[in-house]
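J.: Just the structure for this:
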Amino acid sequence: MSKSNVIEILLVEDNPNDIELTIRALNKNNLVNKVHVVKDGEEALDFLFCRGDYLTRKKEKPPKVILLDLKLPKVNGLEVLKEIKSKEKTKYIPVVVLTTSREEKDMMESYRLGVNSYIVKPVDFQKFIDAVADIGLYWLLLNEMPT
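T.: Presented below is the predicted three-dimensional model:
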């Protein structure tokens, strides 16, 4: 996907299998062409704040939702969440943590930092597909955002 296109979902995920499953679930609901994938926390922040490889991306076009894994290389998901929610330009973007972590401390810290939803990735293939599809449909079609 071109960096200048409108992105509705920013997927921040380093696991190729989870990327593939997430894309498959979104594709099932015709949402895949509006997804941009980044594979570490540093790249996520570069994308959101239009720096590095994303210097020419338009800041006025933030994603409608961010699907964020917590266990990421370079900058972990909690640090990414902290940056997103601390900046005026990005703090209203809904962030859904989609992670394998069932640790209470990760969940508590995510909510303390302002996450909009915390979902543990289902192990079952079909449940994972259904969960991602539901996330995409809710945050893109049902949720109302301030302008």
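
J.: what's the neighbour count on the nearest residue to residue 64 once chain neighbours are set aside?
T.: Using Cβ to Cβ, 6 or more residues apart in numbering and skipping the chain neighbours, the partner closest in space to residue 64 is residue 8 (4.6 Å). Any C-beta I mention is one placed from the backbone N, CA and C, and that applies to glycine too. Residues lying near residue 8 (other Cβ atoms under 10 Å) number 19.

J.: What of residue 91?
T.: 12.

J.: Geometrically speaking, which residue is the centre of this structure?
T.: residue 67 (2.1 Å; Cα atoms, centre = their mean).

J.: can I assume that one sits in a strand?
T.: Yes: assessed with DSSP: H, G, I helix; E, B strand; the rest coil, residue 67 lies in a strand.

J.: correct me, but the residue nearest to residue 64 touches residue 140?
T.: Yes: counting by Cβ atoms under 8 Å, residue 8 does reach residue 140; the two are 5.7 Å apart.

J.: any residues in contact with both of the two?
T.: The contact sets of residue 8 and residue 140 overlap at 31, 34, 64-65 (Cβ atoms under 8 Å, 6 or more residues apart in numbering).

J.: want to try a markdown table for those residues, with secondary structure, distance to residue 146 and neighbour count as columns?
T.: Shown next, in a markdown table, are the shared contacts of residue 8 and residue 140 (DSSP: H, G, I helix; E, B strand; the rest coil; distance: Cβ to Cβ, whole Å; neighbours: other Cβ atoms under 10 Å):
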| residue | secondary structure | distance to residue 146 | neighbour count |
| --- | --- | --- | --- |
| 31 | coil | 22 | 21 |
| 34 | helix | 20 | 17 |
| 64 | coil | 12 | 18 |
| 65 | strand | 14 | 24 |
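
J.: Could you export the residues you listed as CSV, including pLDDT and distance to residue 102?
T.: Formatted as CSV, the shared contacts of residue 8 and residue 140 follow (pLDDT from 0 to 100; distance: Cβ to Cβ, whole Å):
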residue, pLDDT, distance to residue 102
31, 71, 27
34, 83, 30
64, 89, 27
65, 92, 22
